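*Asks:* sequence and predicted model, in that order:
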Amino acid sequence: MPDGGPAVEVDGLIKRFGDMEAVRGIGFTVRPGEIFGFLGPNGAGKSTTINMLCTLLKPSGGRARVAGHDVVSERDSVRRNIGLVFQDPTLDGYLSGEQNLRFHAELYGVPRSVTGERIRQVLEMVGLWERRRDLVQTYSGGMKRRLEIARGLLHSPRVLFLDEPTVGLDPQTRASIWDYIRQLKDAEEITIFMTTHYMDEAEFCDRIAIMDSGRIVALDTPEALKAGVGKDRVRIQTADDEAAITALKERFDLDAVMSEGVVAFPVASGEAFVPRLFAGLGVPIRSVSVSRPSLDDVFMSFTGSTIRDAEAGSSDRLRMTMRAMRR
Amino acid sequence: MTSPTGAARPVADVVRVRVPEPGLRQDLRAVKVVLHRELIRFWRDKLRMVSGLVQPVLWLLVMGTGLSNLMAAGGGPHGEVDLKTFIFPGVCAMSVMFTAMFSAGSIVWDREFGFLREMLVAPVSRSAIVIGKCIGGALVATLQGAVIVALAGLAGVPYDPALLAELLGLMFLGAFALTGFGVMMAARIKQMQSFFALIQMAMMPMMFLSGALYPLNGLPTWLTVLTRFNPLTYAVDPLRQAVFSRLDLSPALQRTFNPGVTWNGWVVPVWLEIAIVVGMGAALMGVAILEFRHAD
């Protein structure tokens, strides 16, 4: 990769499965050293995109370069420069952790003189050095994921792809995985490209692209995206929620919804609005909270639904197709 | 679950690795490591080793002994040759066949458990992975076969080091061809159950039509033709020739029990039989490589 060149460069990338367009002409650039996140519900096209960037799927159209190499015409060069951690585990449970890494080192042609040292290093980084001789089938879900991250790093890739690295893990393990990922960025000169459908994780990224139905609908730093929404979220508890929702519509022209047992609505400069609310609502208010927009709100403002609703809906068919393709 | 260690440890010096350009050396390393993994897994799985023994031992000791009685009671002219000795080469071939197929089946297993993906995304040629798998499977099957060979004494086969080496060598070649066949099928099959159903379907007829259990002379034409088209026939016969060349038998008995394989009356020489087996193995592996090149 030429110094200063982009780590990932995508232009007009398309993927069709039969009649269905899973990725509809996306383009973006990832700078070296960035943690770049793909955020979107399941079935938005994140995994399809990542699979094209990893040379596992052939694009139906467009162009993509990873670490300076074209994903179609320079497949092997791309493969030598990337590390992969998939959604589904790809470890051999009948080998020990160390044997899994040795297998990887041999397959990627890591020079034998540094293999041992490098294996120790990545295993220590993810806290599995003491367990290296145990069979992987005795590892917990979190340990397996950490071992996969260690393996993805073993050959010092320039770009590490993490496809939903924390899906299916408990919150504590998720937090520790994120510790490793952030530490990684300091320890190795590496670009991290990841997908997630957890909002709180997207916050850790330097920049995020929000993907919905095969398109990138927004791309910026988490702060800029949230600032771009421009509205705060106000939550109130009232004596009569239905009357409050009606009153908000009639008197303030605000669209409020019931959310987790309280009345919630977005409004510009929320703190300044609160006195007007008390003066004009006409329904007794028990409590008020005002919060800055979250990435949930960002997602909502770009796609018109929450990520959880988007997931429950139309994505199921796509997800089935993906699964069938992966097999 | 062991609790995660919380804060990550700082790493002082990072060992940077430079992944070399792809080439023959890289591919050879890939072949070796895929093969090595097969051996490690075989060694770990003692249960498989033992269960792989059950069927051949049943054939050899139970069927062999039982049917010998029948022959003795019938007062046939062949009392001097123990039936166990006769089916010993066949049982060796069978045991190798089962193990080789199971080894090949591990590709389907690897696909289901995701490990195949780890291999397919590596910057090495797919051929290296398939070749590693075929040689590894053949080696594992030969090891399993070695256990059967160790039982030679029970079947009245002499423990002649040269014979044992010959048997192992022939078994390796047969196992290689069979693993190639298995890997070729495994490339297309996505589920373990389907693979085993198919293997069962293929293995039984192959075994019954191979001369593993009865001599191939004086058969009705239809059966003769079928056995000549069965590749396993050419893997079993050299084994039997090897065993019988070490026995001190009258020419008549040799003719009855070790008639060789004939094509329309012409006795197929052992070297040609071996060439057929090796050629089949190479061809099947070639097809498997093509299949894996196109699969993603």
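*Replies:* Structure received. Residues are numbered from 1 along each chain as shown, chains lettered A, B, ... in the order given.
*Asks:* residue ranges for the strands of chain B, please.
*Replies:* Counting by DSSP state E, chain B has strands at residues B:262-263, B:266-267.
*Asks:* do the stretch 51-200 of chain A as well
*Replies:* Assigned strands in the stretch 51-200 of chain A, in chain order: A:61-66, A:69-70, A:82-85, A:159-163, A:191-196 (criterion: DSSP state E, counting those that start in this stretch).
*Asks:* so residue B:55 touches residue B:98, yeah?
*Replies:* Yes - contact criterion C-beta atoms under 8 Å: residue B:55 and residue B:98 qualify, at 6.7 Å. (Glycine included, C-beta is placed from N, CA and C.)
*Asks:* and these two? Which one has more around it.
*Replies:* Legend: neighbour count by other C-beta atoms under 10 Å in any protein chain shown for residue B:55 and residue B:98, higher for residue B:98 (21 against 13).
*Asks:* which residues touch that one?
*Replies:* Each residue near residue B:98 by C-beta atoms under 8 Å, 6 or more residues apart in numbering or on different chains is listed here: B:52, B:55, B:203.
*Asks:* just to revisit the earlier point, export the strands of chain B to CSV and tack on distance to residue A:245?
*Replies:* Below are these laid out as CSV (distance: least, C-beta to C-beta, whole Å):
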stretch, distance to residue A:245
strand B:262-263, 90
strand B:266-267, 95
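*Asks:* buried deepest among the ones you listed, which one?
*Replies:* When the strands of chain B are scored by mean count of other C-beta atoms under 10 Å in any protein chain shown, the highest mean neighbour count falls to strand B:262-263 (a mean of 12).
*Asks:* quick check: mean pLDDT across that strand?
*Replies:* What strand B:262-263 shows for mean pLDDT is 86.
*Asks:* what strands line up against it, and which way round?
*Replies:* The strands that strand B:262-263 pairs with in its sheet are strand B:266-267 (antiparallel) (by DSSP bridges).
*Asks:* got the contact list for the partner strand?
*Replies:* By C-beta under 8 Å, 6+ apart, the residues outside strand B:266-267 that reach it are B:260, B:261.
*Asks:* what mean pLDDT does that strand get?
*Replies:* Here the average pLDDT along strand B:266-267 is 88.
*Asks:* buried stuff in the helix or strand hosting residue A:201?
*Replies:* Assigned by DSSP states H and E, residue A:201 falls within helix A:199-202. With burial defined by 16 or more other C-beta atoms under 10 Å in any protein chain shown, the residues of helix A:199-202 counted as buried are A:199, A:201, A:202.
*Asks:* from those residues, pick the one nearest chain B.
*Replies:* Chain B has its nearest neighbour among the buried residues of helix A:199-202 in residue A:201, at 16.1 Å by C-beta to the nearest C-beta.
*Asks:* that closest one is in contact with residue A:37, isn't it?
*Replies:* Yes - assessed by C-beta under 8 Å, residue A:201 is found in contact with residue A:37 at 7.4 Å.
*Asks:* about what we covered before: let me have the strands of the stretch 51-200 of chain A in CSV, extended by distance to chain B, mean neighbour count and mean pLDDT.
*Replies:* Putting the strands of the stretch 51-200 of chain A into CSV (distance: least, C-beta to the nearest C-beta, whole Å; neighbours: other C-beta atoms under 10 Å in any protein chain shown; pLDDT from 0 to 100) gives the following:
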stretch, distance to chain B, mean neighbour count, mean pLDDT
strand A:61-66, 13, 20, 94
strand A:69-70, 11, 18, 94
strand A:82-85, 6, 25, 92
strand A:159-163, 10, 23, 91
strand A:191-196, 14, 25, 90
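*Asks:* look up the closest residue to the residue most central in space within chain B, ignoring the ones flanking it.
*Replies:* By C-alpha atoms, centre = their mean, chain B has its centre lying nearest to residue B:175, at 2.8 Å. Among residues not flanking residue B:175 along the chain, residue B:141 sits closest, at 3.7 Å (C-beta to C-beta, 6 or more residues apart in numbering or on different chains).
*Asks:* next one: residue B:270
*Replies:* Closest to residue B:270 by C-beta to C-beta, 6+ apart is residue B:238, at 5.0 Å.
*Asks:* burial of the one you found, as a residue count?
*Replies:* Neighbours around residue B:238, by other C-beta under 10 Å: 27.
*Asks:* can you give me the helices in the chain?
*Replies:* Just so you know, I chose chain A. In chain A, the segments counted as helices under DSSP state H are A:46-53, A:75-80, A:97-107, A:112-125, A:141-153, A:171-187, A:199-202, A:222-229, A:241-252, A:270-280, A:295-303, A:307-312, A:315-326.
*Asks:* not quite, I wanted chain B
*Replies:* Under DSSP H, chain B gives helices at B:24-44, B:46-57, B:64-74, B:83-112, B:115-120, B:126-149, B:161-186, B:192-208, B:221-229, B:231-245, B:251-257, B:270-294.
*Asks:* where among those is average confidence lowest?
*Replies:* Minimum mean pLDDT among the helices of chain B: helix B:64-74, a mean of 71.
*Asks:* and the stretch 51-200 of chain B, which of its residues are near chain A?
*Replies:* Contact residues, the stretch 51-200 of chain B versus chain A (C-beta under 8 Å from any C-beta of the partner chain): B:110-111, B:113-115, B:117-119, B:121-124, B:190.
*Asks:* how about those, which pair is most distant?
*Replies:* B:123 and B:190 (24.9 Å; C-beta to C-beta).
*Asks:* give me the nearest residue to residue A:221, chain neighbours excluded.
*Replies:* residue A:207 (5.4 Å).
*Asks:* surely the one you found and residue A:223 touch.
*Replies:* No - if you go by C-beta under 8 Å, residue A:207 and residue A:223 don't touch, sitting 10.2 Å apart.
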